[in-house]
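Participant: quick one, structure for this:
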Amino acid sequence: MQEVKIHGPFKVVKVLFQRRYPGYLYRRELVDDSDYGGTGTLEMVCCYAEESGHWIGNARTARNLCKTRGLRKIQKAKKAHCVCSIGFDEANQRWAGWSHRAICSFGIGDKIFIERFGNDYTSYTQHGRTTIKTLSQAKLAAKRFAAYVS
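Facilitator: Here you go, the predicted model:
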């Protein structure tokens, strides 16, 4: 397997354990928490996207996204972000966007997400004017949804 460069929000002092799961890497790490008022070493479990090495979050989040929902190509919606918030469902040909509050997937036939569209009864996949015709448009809708719920 190819080595993945890890991009996380914490300064890793030491990797205690690492296991590869479909779609993500699970790691137990000692991180430097001195910038946050800690003693300098804090043991944490962090999960990273298998392809990009970007931080997904904890094991529960990674398992939900990769195992339960089957998402791959997990990545950050914007370069400046520290956590992944979009991913692709190959089986259903849909891009998903999420935060800690919600998740929604978009595919061909849905609408390109616009935050201020519709009402409380309008499905998020119909929050928009333009019908999605390509997977790149579905990815744009997922990015917009992720920004909306973050």
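Participant: what sits opposite residue 43 in the beta ladder?
Facilitator: Beta-bridge partners for residue 43, by DSSP bridges, are residue 30.
Participant: apologies, that question was intended for residue 25.
Facilitator: On DSSP bridges, the residues paired with residue 25 through beta bridges are residue 20, residue 48.
Participant: shouldn't residue 145 be in contact with residue 104?
Facilitator: Yes - with contacts counted by C-beta atoms under 8 Å, residue 145 reaches residue 104, the gap being 5.1 Å. The way it works is simple: take the backbone N, C-alpha and C, and place the C-beta from them, glycine included.
Participant: and the two? Which one has more around it.
Facilitator: residue 145 (28 against 21; other C-beta atoms under 10 Å).
Participant: three-state assignment of the more buried one?
Facilitator: Residue 145 carries the three-state label helix when classified by DSSP: H, G, I helix; E, B strand; the rest coil.
Participant: next one: it from residue 79, what distance?
Facilitator: As defined by C-beta to C-beta, to the nearest Å, residue 145 lies at a distance of 18 Å from residue 79.
Participant: and what of residue 60?
Facilitator: Remark: distance between residue 60 and residue 79 (C-beta to C-beta) = 26 Å.
Participant: between the two, which has more neighbouring residues?
Facilitator: When neighbours are counted by other C-beta under 10 Å, residue 60 comes out ahead of the other of residue 60 and residue 79, with 10 against 6.
Participant: pull out the buried positions in the one helix or strand that one maps to.
Facilitator: Here residue 60 sits within helix 59-62, counting by DSSP states H and E. The neighbour-count check on helix 59-62 (16 or more other C-beta atoms under 10 Å) flags 59, 61-62 as buried.
Participant: that older thread, shared neighbours of residue 145 and residue 104, anything?
Facilitator: Among the neighbours of residue 145, those also in contact with residue 104 (C-beta atoms under 8 Å, 6 or more residues apart in numbering) are 97-98, 113, 124.
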